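> Provided below are the primary sequence and the corresponding predicted coordinates.
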Amino acid sequence: MEQYPVPQFIEDEAKMVSFLTVRQFVYLVVAGGILFVLYSVLPFSLFILSAMVVGGVAGVAAFIKVDGTPILNILLSSIGFLSKAKSYTWKKKESLYPFKTVQRAPLKKVEEESKLGVGQRSNLRKLKTQVELKTK
């Protein structure tokens, strides 16, 4: 039986206009609408400044992704994380397969008489006193 490679890195957004997805197209159209309103309301010098800000925000929202996640989702998740109360509690999780205790054979006590003997006693103390007293 033949094995076929499994597709990876599949984009879930279809292209709408040449290289733009629906989401990117909507961001740019909304930014264009905002800029049109600002052009008719503001003086030209303020319009240029606001156009740079609105266009930059729309461009970043439409085209920047971090690890395949749109930057807007990351920003909204960050805001949600920072605004929620945090309580750090630790709960011991029971393992799925608890360990069974193994009964071992009881240890036998070694009796004094059955200890291994150490040949002779050391003459170290005797030599120490001879050296200290300078005797032979």
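Thanks, I have the structure now.
> buried sites along the strand or helix carrying A58?
Using DSSP states H and E, A58 sits within helix 44-63. Residues of helix 44-63 classed as buried under the neighbour-count rule (16 or more other CB atoms under 10 Å) are 47, 50-51, 54, 58, 61-62. (C-beta placed from N, C-alpha, C; glycine too.)
> would you reformat these as CSV and include distance to I10 and pLDDT?
Supplementary listing: these in CSV, determined by distance: CB to CB, whole Å; pLDDT from 0 to 100:
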residue, distance to I10, pLDDT
F47, 41, 95
S50, 38, 95
A51, 36, 96
V54, 32, 96
A58, 26, 95
A61, 23, 92
A62, 20, 91
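> between the helix or strand hosting G32 and helix 44-63, how big is the angle?
According to DSSP H and E, G32 maps onto helix 22-41. Per axes from the mean of the first three to the mean of the last three CA atoms, to 10 degrees, the angle that helix 22-41 makes with helix 44-63 is 170 degrees.
> now helix 22-41: buried residues?
Result for helix 22-41 [16+ other CB under 10 Å]: buried residues 24, 27-28, 31, 34-35, 38.
> next: stretch 60-74.
Applying 16+ other CB under 10 Å to stretch 60-74 flags 61-62, 70, 72 as buried.
> list the contacts of that stretch.
With CB atoms under 8 Å, 6 or more residues apart in numbering as the test, stretch 60-74 has contacts from 9, 20, 23-24, 27-28.
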